[in-house]
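Enquirer: 3D model of this:
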Amino acid sequence: MRRAGLLCAAGAAALGLTLAACAADGSSPASPARISVSGAYVPLSATPDMAVAYFDIANTGGSADRLTGVTSPDAQSAELDQSTATSMTAITGGVAVPAHGSTAFARDGRHVMLMGLSPAPRLGGHVELRLTFQHSGTITVEATVQPLTYQPAS
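Expert: Prediction:
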């Protein structure tokens with residue numbers, strides 16, 4: 001009986017050292033992603049049923065996340081796109097949002113393409129965006145319709 005007690009004590013001590021080592025080297029589980037979206041806006045488009053949306057995504061959590069899709073009840077379709085100086089392509093596979101980091105959807109880069117908007121956006125109005133994340137679920141954002149030449153404060 002005494003031998004069993006010693007074996008249990010030795011096992012517990014070894015487990016304690018193993019757990020302490022994991023905590024010391026930072027390999028303990030990270031905190032979950034904590035996603036927030038700010039600065040959402042839609043520049044007023046010359047085409048009444050199409051527009052783009054821009055915003056910033058922040059992740060203050062300890063785990064990365066991924067924006068996997070977007071929908072809008074105000075549009076027939078919405079897609080994640082990437083613009084360059086000469087082209088625009090759909091983003092497949094989503095957009096990474098790093099732990100303790102941010103991801104921007106801004107002019108001349110990533111944006112949400114909104115097609116089939118109804119009613120047509122009006123200056124000062126809002127367009128609802130539903131952003132779906134791999135781990136954080138869906139976040140609903142109201143994007144304000146701004147003048148075409150609007151530039152957000154840096």
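Enquirer: for the residue nearest the centre of the chain, give me its contacts.
Expert: When CA atoms, centre = their mean is applied to the chain, the residue found nearest the centroid is Leu67 (4.5 Å). Counting by CB atoms under 8 Å, 6 or more residues apart in numbering, Leu67 makes contact with 57, 80, 94-95, 97, 103, 131-133. Backbone N, C-alpha and C define where each C-beta goes, glycine included.
Enquirer: is it in a bridge, and if so with what?
Expert: Val95, Phe133 (DSSP bridges).
Enquirer: which pair in the contacts of Leu67 spans the largest distance?
Expert: Thr103 and Thr132 (14.4 Å; CB to CB).
Enquirer: settle it for me: which of the two has more neighbours?
Expert: Legend: neighbour count by other CB atoms under 10 Å for Thr103 and Thr132, higher for Thr103 (19 against 15).
Enquirer: the more buried one reaches Gly109, doesn't it?
Expert: No - assessed by CB atoms under 8 Å, Thr103 is found out of contact with Gly109, at 10.1 Å.
Enquirer: and the strands in this structure, which stretches?
Expert: Assigned by DSSP state E, the chain shows strands spanning 35-43, 50-59, 65-71, 77-83, 88-90, 95-97, 101-105, 110-115, 126-133, 137-146.
Enquirer: ok, the nearest residue to Thr138 once chain neighbours are set aside - contacts?
Expert: Leaving aside its chain neighbours, Thr138 sits nearest to Thr132 (4.8 Å; criterion: CB to CB, 6 or more residues apart in numbering). The neighbourhood of Thr132, defined by CB under 8 Å, 6+ apart, consists of 67-71, 138.
Enquirer: by mean pLDDT, which helix or strand of the chain comes out lowest?
Expert: helix 2-24 (a mean of 44; mean pLDDT, DSSP states H and E).
Enquirer: low pLDDT regions in this protein?
Expert: Along the chain, the model assigns pLDDT under 70 to residues 1-29.
Enquirer: mind running it again at 90?
Expert: 1-30, 46, 48, 84-86, 153-154 (pLDDT under 90).
Enquirer: and the buried ones among the contacts of Leu67, selectable in PyMOL?
Expert: To isolate the buried members of the contacts of Leu67 in PyMOL, using 16 or more other CB atoms under 10 Å:
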select buried, resi 57+80+95+97+103+131+133
